[in-house]
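K.L.:
sequence plus the predicted model coming up.
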Number of protein chains: 2
Amino acid sequence: MGQLLRVQNFTVSSDGFGAGEHQSLEKPFGDADPGALMSWAGATAGWPNRTEPGGTRGLDDYFTRDFANNIGAEIMGRNEFGPQRGPWENEEWRGWWGEEPPFHTPVFVMTHHKRPSFTLSDTTFHFVDGDPAHVLEQAREAARGQDVRLGGGVTTVRQFLDAGLVDTLHVVVAPVKIGAGVRLWESPDELVDRYHLEVVPSPSGVTHHLFWRR
Amino acid sequence: MGQLLRVQNFTVSSDGFGAGEHQSLEKPFGDADPGALMSWAGATAGWPNRTEPGGTRGLDDYFTRDFANNIGAEIMGRNEFGPQRGPWENEEWRGWWGEEPPFHTPVFVMTHHKRPSFTLSDTTFHFVDGDPAHVLEQAREAARGQDVRLGGGVTTVRQFLDAGLVDTLHVVVAPVKIGAGVRLWESPDELVDRYHLEVVPSPSGVTHHLFWRR
């Protein structure tokens, strides 16, 4: 089956936005309310960022606990690492993910601006330039036979989709509108020429969209 | 969170039976049609017994590929190991699971009739007597901090449910009637005093029932 490139737990609003405008250090989701987008995940027992015991073990939990299942590397866009644009001005700040990032694998951050790799706990961040196919090649090698997870944001997911590199795509549509920002899609049907699609409503109120290659 | 005891991918008919009558060496599911019960699982990419590439990667696949996720040991009833009853007459026959069993962990087979442990590939079968709590204790120790999976059949699952030992229970209801055999339940609602329940219909035609402790 080879090494898949998988998008997992990627959450957008009902109008297709992954984040609002005006992303900043204090507001990773910009003008959008992170709770309205991500509370479905935070409620589950399997959420990788969970710090307290408890949590639900229903449908949504199957998705959050699959986060690390057979994943050997992650690719993310620069917006998922931090709000900076242009050359790195402050290399002391080491991303939104804290001292114990939830990845536990090599992470490849796509950026035109080089900076040295560093390790936080058991996650090493590499900063790489190049087209999606080239970055995927590096991540596959680092994943040592396991799959590669593609994080966000929307721009990065679109880049890999447009290059035909995504094997499976799990998009969660949250019952909230954002209205402006970067849009993943007008409608999930845009992808059905290339992917099978199952649409699964969750009791929590979100709707899981599961795509895999035709 | 401790070590959970998890029932996974346990499939019953719409009238609540896990197998038909007249189980034999040739018919693990007795008079019931194994295809009608289990084809939902066999169609998925993640099915542990899959021998060919391909398979679906929709909702059902999240359940089959969770089979080994954080599992360190399995407990099964004697009926899940083989059709024999009473003292072991032929120890040459080593169960229904072939030379490459899908478990890859220690397996504890509950039986009043002792026989020596043996290993097939990376699965070791132990034959243990005792009440459910005692068997669970042994399996937990063998699982080295990971969860324990409880297999079948129906009688074994009922024993552990009645002893209050099951933490999460995933039951798949297939759209087929069996009419006679050993019954898991008259209705899933029998368990809602003790468990949260989410009912999730799958595009494949089966209905996933997800229980976790209240």
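P.N.:
Yep, it's here.

K.L.:
nearest residue to the residue most central in space within chain A other than its sequence neighbours?
P.N.:
Centrality entry for chain A: nearest residue to the mean C-alpha point is residue A:151, 2.5 Å, by C-alpha atoms, centre = their mean. Nearest residue to residue A:151, sequence neighbours excluded (C-beta to C-beta, 6 or more residues apart in numbering or on different chains): residue A:76, at 3.8 Å. From N, CA and C alone the C-beta is placed, and that goes for glycine too.

K.L.:
which stretches of chain A form helices?
P.N.:
Counting by DSSP state H, chain A has these helices, from start to end: A:34-42, A:59-64, A:78-81, A:132-142, A:154-162.

K.L.:
those: which one's closest to residue B:35?
P.N.:
Checking the helices of chain A against residue B:35 by C-beta to C-beta gives helix A:59-64 as the closest, at 24.8 Å.

K.L.:
for chain B, see how far away the closest residue to residue A:182 other than its chain neighbours is.
P.N.:
Among residues not flanking residue A:182 along the chain, residue A:154 sits closest, at 4.3 Å (C-beta to C-beta, 6+ apart). Per C-beta to the nearest C-beta, to the nearest Å, residue A:154 is found 22 Å from chain B.

K.L.:
count of neighbours near residue A:154?
P.N.:
Residue A:154 has 20 neighbours, counted by other C-beta atoms under 10 Å in any protein chain shown.

K.L.:
would you mind listing what in chain A touches chain B?
P.N.:
With C-beta under 8 Å from any C-beta of the partner chain as the criterion, chain A comes near chain B at residues A:1, A:45, A:53, A:56-59, A:62-63, A:65-66, A:69, A:168, A:196, A:198, A:200, A:202-203, A:208, A:210, A:212.

K.L.:
can I have the buried ones of these as a ChimeraX selection?
P.N.:
Entered in ChimeraX, the line below selects the buried ones among those, by 16 or more other C-beta atoms under 10 Å in any protein chain shown:
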select /A:45,56,57,58,59,62,63,65,66,69,168,196,198,200,202,208,210,212
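
K.L.:
residue A:180 contacts residue A:20, correct?
P.N.:
Yes. Assessed by C-beta atoms under 8 Å, residue A:180 is found in contact with residue A:20 at 6.6 Å.

K.L.:
residue at max distance from the center of chain A?
P.N.:
Chain A, farthest from centre, C-alpha atoms, centre = their mean: residue A:89 at 24.7 Å.

K.L.:
if we can go back for a sec, now the helices of chain A in JSON lines, with distance to residue A:125 and mean pLDDT?
P.N.:
As requested, those are exported to JSON lines (distance: least, C-beta to C-beta, whole Å; pLDDT from 0 to 100):
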{"stretch": "helix A:34-42", "distance to residue A:125": "22", "mean pLDDT": "94"}
{"stretch": "helix A:59-64", "distance to residue A:125": "22", "mean pLDDT": "98"}
{"stretch": "helix A:78-81", "distance to residue A:125": "7", "mean pLDDT": "91"}
{"stretch": "helix A:132-142", "distance to residue A:125": "12", "mean pLDDT": "98"}
{"stretch": "helix A:154-162", "distance to residue A:125": "15", "mean pLDDT": "96"}
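
K.L.:
return the most buried member of the ones you listed.
P.N.:
helix A:59-64 (a mean of 24; mean count of other C-beta atoms under 10 Å in any protein chain shown).

K.L.:
what residues are bridge-paired with residue A:207?
P.N.:
residue A:173, residue A:201 (DSSP bridges).

K.L.:
separation between it and chain B?
P.N.:
Note on residue A:207: its distance to chain B, by C-beta to the nearest C-beta, is 12 Å.

K.L.:
contacting residues around the residue nearest to residue A:169 when sequence neighbours are not counted?
P.N.:
Spatially, and ignoring its direct neighbours in sequence, residue A:169 is nearest to residue A:211 (4.0 Å; C-beta to C-beta, 6+ apart). Residue A:211 sits next to A:168, A:169, A:170, A:171, A:188, A:191, A:195, A:196, A:197 when contact means C-beta atoms under 8 Å, 6 or more residues apart in numbering or on different chains.

K.L.:
and the nearest residue to residue A:157 once chain neighbours are set aside, what pLDDT?
P.N.:
Distances taken as C-beta to C-beta, 6+ apart put residue A:7 closest to residue A:157, at 5.9 Å, once the chain neighbours are dropped. Reading off the confidence values, residue A:7 has pLDDT 98.

K.L.:
you'd agree residue A:7 is up against residue A:172?
P.N.:
No. At 10.7 Å, residue A:7 does not count as touching residue A:172 under the criterion of C-beta under 8 Å.

K.L.:
which strand runs longest in chain A?
P.N.:
The residue-count maximum for a strand in chain A (DSSP state E) belongs to strand A:5-13.

K.L.:
so for stretch A:166-182, what gets flagged as buried?
P.N.:
Within stretch A:166-182, judged by 16+ other C-beta under 10 Å, the buried ones are A:166-174, A:176, A:178, A:181-182.

K.L.:
and the furthest pair within those?
P.N.:
In the buried residues of stretch A:166-182, the most distant members under the criterion C-beta to C-beta are A:167 and A:176, with 28.4 Å between them.

K.L.:
quick one, what contacts residue A:60?
P.N.:
By C-beta under 8 Å, 6+ apart, the contact set of residue A:60 is A:40, A:41, A:43, A:44, A:202, A:204, A:206.

K.L.:
which one of those residues is nearest to chain B?
P.N.:
Taking C-beta to the nearest C-beta as the measure, chain B lies nearest residue A:202 of the contacts of residue A:60, at 7.8 Å.

K.L.:
how confident was the prediction at the residue nearest to the centre of chain A?
P.N.:
pLDDT for residue A:151: 96.

K.L.:
go on, residue A:1?
P.N.:
We have a pLDDT of 55 for residue A:1.

K.L.:
does residue A:147 really touch residue A:6, like I thought?
P.N.:
Yes. With contact defined as C-beta under 8 Å, residue A:147 counts as touching residue A:6 (5.5 Å).

K.L.:
now do the shared contacts for the two.
P.N.:
Contact with both residue A:147 and residue A:6 is made by residues residue A:71, according to C-beta under 8 Å, 6+ apart.

K.L.:
what's the closest of the contacts of residue A:60 to residue A:97?
P.N.:
Out of those, the member with the shortest distance to residue A:97 (by C-beta to C-beta) is residue A:41, at 15.3 Å.

K.L.:
quick one, strands of chain A?
P.N.:
In chain A, the strands defined using DSSP E lie at A:5-13, A:17-19, A:71-77, A:106-110, A:118-120, A:123-128, A:147-150, A:168-174, A:182-183, A:195-201, A:207-213.
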